[in-house]
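sequence and predicted structure below; questions after.
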Amino acid sequence: MRTTLWVALLATLPLMGCMGGDGGSDGGTTTAQEAEEATAFPEALVQSTWVVNYASVDSLGPVAPPGWVSLVNHRHIGKAVEQSGDDTLLAGRAHIEAALLYEQAALLSANAFVEVYGATPQPTDPVGAKHLLAVSYAVRGETDKAKAASAQLTKGDPTIPFHKPWKAWLEGDAAWPPDLSGLPIELPDVKPGVFPSLPPPPHYELPEQGGSSSKRTMADPGALVAVALWHREAAKAALGDRYDAIRAIRAGYSLPVTAAAAKPGPRDPQELFGSTLLGPGDADFMVDLEGDQGAGAIDAHAETSLLAWIAREARSDGKVDPDKVSRMVNELRAELLEASAAANGGNQAPHHRVFGDMAAAGAFWSLALAAEAEGDRERGGLLRLHARDKAELGNHVQDAVSLLSLAAWDAGNRNVHRAPELLHDQARRYPDLEVARYGLDVLALRVQSERIEPSGM
Amino acid sequence: MFRDELDGKPSTGAADVSSDRRTVSPAGERRRTVARPVAIAAILAGTAMLTGAEISYYEEALPSTMNPLFARTMPDYRSHELVFDRLFYRSAINNELRSRLVSSYERLDDGKALKVVLKDGIKWHDGKPLKPDDVCFTVDALLNPETPSPIAKGYRETITGCETINKENAAVIEFVKAYHNPRERASFAVLPRHAFDGTAISPDLDFSSRPIGTGPMKGSKGRREVKFTAFGNAHHNAKIGVLSQAEGGDPLVQVRTVLNQGVQGVVSVSPPLRPEVAASDDVALKSYDLRSWWFIALNTNGPTLGNKKVRQAIDLTLDRNKLRELTIGVEANETNPPCEFVSGPFVQSSPYYNRSIKVRESSDPAKARQLMTEAGATQQASRWVVGGQAVTLRIGMNAPLDREARDLLNQIGNQLQEGGFDRQVFKIAPDEWTRDAVAGRMSDKFDALIGKWSFGVVEDVNAMFHTRTDDGRGSLNIFNYSSAEVDDILARFDAARTDTEAQDAYHDLHAYLADDLPYIFLWKLDTKSAWRNEVRNNTISPYYYFTEFDGWSM
């Protein structure tokens, strides 16, 4: 019956196979593409993807409960947490997603504060900016700068109650994670299945300096870190020994200050179900990509990881080529649909296209990290934008963690076109993310003051 | 010459300012590495036309002008990005500040001046070489008060002049004060000096339909389409040979045409049609980052709408939820709709948006009746009557918007009619909207005008709400609204010394306007484009759209 529920929910999506594209081949018919040779993906790696593993309608039973539907189909992390019940894998995966959601928000906020109060400071910047910088540098893993900023806080600074645990951490061994229990923010005891809320911002007012009488309202970025740490503990409590493996699914999305994820990653299709990875070898590839191997992981894992294989085959001039990736991901989606239909007795089911979209979007997000590991931010950025375009297809590809990671990346680039909208979209679903908006606001204001553009069109 | 390190980012070498990605440090070495490609490109430029794919797309409307000095609409801006080069621009991907025209720059006088050295071999679309004179001519044209340019204000407040150093192929732009990053203030499109008689430039010249630029495409505007043809140059190498722009009509026809390969792209896909595009395997929806909000401007100088209570009653008569559902297809309970209500002149993600001012989603007929009664109106046979005359509202709308939000004009009219206001509705052609409505010349014809404003990064709304003055303030004030309180707030914004002071001023503006209602604020609507998959690497730049057009291919 649960399988029926899942299929019924998928059938409500506006993107079912019956709605369009009947006349066209999956992956698009393109003049240039037709001229290029079709990619021959390694059959074994395609067959081992979670997409093909869940191709038959009968196989959907384990992922049919509402919590899984919330996590994967609706991409609603909060609901997934609350619906996880005694499903420890679901609870663990959902809490890890929640932790990363807040970590990416903290990184976004950190990048914004560093760009404003660090890179382009003004004499009128408010009292308290040093605390914001200290937390931001800490989140970015720039501990020496964090210590220097922390040392500059002066008596009477309104942020001192919020800075106290950070100061203690910076004056100690500064080994992540900090003990933020001293923050004037109450969180419940850690318990899987709970999605705690933060006190609504603003948290304090910061007087501007240099003759200005204005006060800047501010939310404390440490609050985001505190909630992220809370969810990490909840994930550990739920997953026990499996925590490290499941965490590896999201290698590449941790804060720069945190220790890299460790191998081995998960092999079980349900553990990978609906993730940005495709198959069993991908987590290990992503772990090595983000770890010491860096871009060398592409060649090292190309025989065992479909993502690494695509990254290797999509190279031009020795680097991952976004245009090739784009073509190959479209082809991969078509091949996954074909393989899914074959695994389902030769019939295409409505969920095949949905899962195919998820796989395509996930491949773009993951391969963006591969391009970045090669040191090419532009190519990595372009792939992030491809992934974002895929997110237009519906809720099932609205991967909040990845989208916020793009916003954080944009904030680090002083891009205040995309980042505010990306954050705003997620904050509508997760109101606590409003805390990150305060940092983004000061960045947007600072950038606006630097530019000349017409009034409106 | 040096690379300054004070631009918010550490400089990464001359590759920063060039579209090619050559890494260069010593100047001599750079000359050696650049010389060959430049020479080849110069030969190509001599042949002018390059072969390449031919594609066509639908725009919201045809551009009102091809002269960037007189850009007034988003189709203008998007089209100009194909034909002209801005001196400095931001990468659509990583937001780096770059230039395709400048090989190196130098920050002089602690940021009060900026010396730019032009790349060699760049030609205008008529084959003449780009010179430093052209940069200074553009600056002079922007600064000349006889040039009625709507985009000049920011530059006039920032730039004081420009001098050429021809022997160095350089120009020095001077600013009113020192800026840590003066390149940010030099983002104007460069014009050819030889195409004009003087720096007092008129919008009526032939140049406005047959422009000469240095951009990737040579443009020519006809009555029914704009044709862009690739122009090989030292700094551009468009892979699309011909790009044809047509005005999008019926949104359904636009979508069906792109799905059936009749065109390759649609700049703006109407929200109700997006699922159909998303379901296609051959066409992709693309994000286009643009801050657009929709409004109904009310004629505060009119006999009836001059009364604030009547304006507030109209606001309370409108049921935005129903309007949005009927015209955009968004239901009230959607969690992440493409259309989000706003209560003031900013999108909700803006730092200027005052979150304490709540949006009004539904109508409140009882309160509307009370306000009308307080305003001295009486209801006769369900119609509001003032001074013995039925209240009749003449409502106009920028015509393309009625396609984006299907039948919005009639739906608003219907709701007002139900609320007791007689109405007459009119669609206004885009060129008329640009020429007359925005310029405040429709006050005697209409009581309400439905439109939208789109912004890039800078969300300066002073021109919409400031009293119109001879010195150009209030230049976009549709009904010549005038409020001393608003003018004071806008003066505070202009005089703000800190970001917080500017933000506080606009928060106050938001609150005041939401009460005084020279505009009824409707919603922000995401813009999504649709492009066929055979058009590849088609990165869409926020606001400007075609900034990365060289990379587009088939």
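Yes, it's here. Numbers count the residues shown, from 1 in each chain, chains lettered A, B, ... in the order given.

tell me which element residue 106 is part of?
Going with chain A. Counting by DSSP states H and E, the element that carries A:Ala106 is helix A:88-113.

I was thinking of chain B, sorry if that wasn't clear
strand B:102-108.

how much distance is there from whatever helix or strand comes next after that strand to the middle of the chain?
Reading on from strand B:102-108 to the C-terminus, the next helix or strand found by DSSP H and E is strand B:113-118. Chain-centre distance of strand B:113-118: 27 Å, with CA atoms, centre = their mean, to the nearest Å.

what's the burial count for the nearest residue to A:Ala341 once chain neighbours are set aside?
Spatial nearest neighbour of A:Ala341, chain neighbours left out: A:Gln348 (4.5 Å); criterion: CB to CB, 6 or more residues apart in numbering or on different chains. C-beta here means a position set from N, CA and C on the backbone, and glycine is covered the same way. With neighbours defined by other CB atoms under 10 Å in any protein chain shown, the count for A:Gln348 comes to 17.

up against chain B, what does the stretch 201-350 of chain A have?
A:208, A:210-212, A:214-216, A:322-323, A:326-327, A:330, A:334 (CB under 8 Å from any CB of the partner chain).

which of those residues are buried, as a ChimeraX select command?
Command for ChimeraX, covering only those of those found buried under the criterion 16 or more other CB atoms under 10 Å in any protein chain shown:
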select /A:208,212,214,215,216,322,323,326,327,330,334
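
residues near the nearest residue in space to B:Gly161 that is not next to it in sequence, how many?
Take B:Gly161 and drop its neighbours on the chain: the residue closest to it by CB to CB, 6+ apart is B:Glu174, 4.8 Å away. Neighbourhood size, B:Glu174 [other CB under 10 Å]: 16.

and for B:Met442?
By other CB under 10 Å, the residues close to B:Met442 number 21.

from chain A, how far out is it?
17 Å (CB to the nearest CB, to the nearest Å).

confidence score at that residue?
B:Met442 carries a pLDDT value of 96.

let me know the helix or strand that B:Pro337 is in.
For B:Pro337, there is no helix or strand it lies in under DSSP H and E.

likewise for B:Ile520?
Per DSSP H and E, B:Ile520 falls inside strand B:519-525.

report the beta-bridge partners for A:Ser316.
Beta-bridge pairing for A:Ser316 (DSSP bridges): A:Lys319.

so who does B:Leu408 touch?
Shown in contact with B:Leu408 (CB atoms under 8 Å, 6 or more residues apart in numbering or on different chains): B:323, B:327, B:397, B:401-402, B:450.

surely B:Phe241 and B:Phe231 touch.
I think there's a mix-up here, since residue B:241 is Gly and not Phe. No - taking contacts as CB atoms under 8 Å, B:Gly241 lies outside contact range of B:Phe231: 10.3 Å.

hang on, the earlier thing: is any residue of the helix holding A:Ala106 near chain B?
No - for helix A:88-113, no contact with chain B is found by CB under 8 Å from any CB; the gap never falls below 11.0 Å.

next secondary structure after that helix?
Using DSSP H and E, the next helix or strand after helix A:88-113 towards the C-terminus is helix A:129-139.

mind giving me the packing neighbours of that following helix?
On a contact count with 3 or more CB pairs under 8 Å, 6 or more residues apart in numbering or on different chains; DSSP states H and E, helix A:129-139 meets helix A:88-113, helix A:143-151, helix A:160-171, helix A:222-239.

out of the contacts of B:Leu408, which are inside helices?
B:323, B:327, B:401-402 (DSSP state H).

now do B:Glu361 against B:Trp523, distance only.
Separation of B:Glu361 from B:Trp523 (CB to CB, to the nearest Å): 10 Å.

and the two? which has more neighbours close in?
When B:Glu361 and B:Trp523 are compared for neighbours, B:Trp523 comes out ahead with 24 against 13, by other CB under 10 Å.

hmm, back to that, can you put the residues of the stretch 201-350 of chain A next to chain B in TSV and add distance to B:Ala189?
Formatted as TSV, these follow (distance: CB to CB, whole Å):
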residue	distance to B:Ala189
A:Glu208	36
A:Gly210	36
A:Gly211	38
A:Ser212	36
A:Ser214	36
A:Lys215	40
A:Arg216	36
A:Pro322	28
A:Asp323	28
A:Ser326	30
A:Arg327	34
A:Asn330	35
A:Ala334	42
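
in the residues of the stretch 201-350 of chain A next to chain B, find the pair that's most separated.
Spanning the widest gap among those are A:Gly211 and A:Ala334, at 63.2 Å by CB to CB.

dump the host helix or strand of A:Glu378 to PDB, keeping only the CA atoms.
Using DSSP H and E, A:Glu378 maps to helix A:377-390. Provided in PDB are the C-alpha atoms of helix A:377-390 (Å, rounded to 0.1, in the frame of the first residue of the first chain):
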ATOM      1  CA  ARG A 377      36.000  28.400 -10.300                       C
ATOM      2  CA  GLU A 378      34.400  29.600 -13.500                       C
ATOM      3  CA  ARG A 379      33.700  26.100 -14.900                       C
ATOM      4  CA  GLY A 380      32.500  25.000 -11.400                       C
ATOM      5  CA  GLY A 381      30.300  28.000 -11.300                       C
ATOM      6  CA  LEU A 382      28.800  27.300 -14.700                       C
ATOM      7  CA  LEU A 383      27.900  23.800 -13.600                       C
ATOM      8  CA  ARG A 384      26.300  25.100 -10.500                       C
ATOM      9  CA  LEU A 385      24.200  27.300 -12.700                       C
ATOM     10  CA  HIS A 386      23.200  24.400 -14.900                       C
ATOM     11  CA  ALA A 387      22.200  22.600 -11.700                       C
ATOM     12  CA  ARG A 388      20.200  25.600 -10.600                       C
ATOM     13  CA  ASP A 389      18.400  25.600 -14.000                       C
ATOM     14  CA  LYS A 390      17.500  21.900 -13.400                       C
END
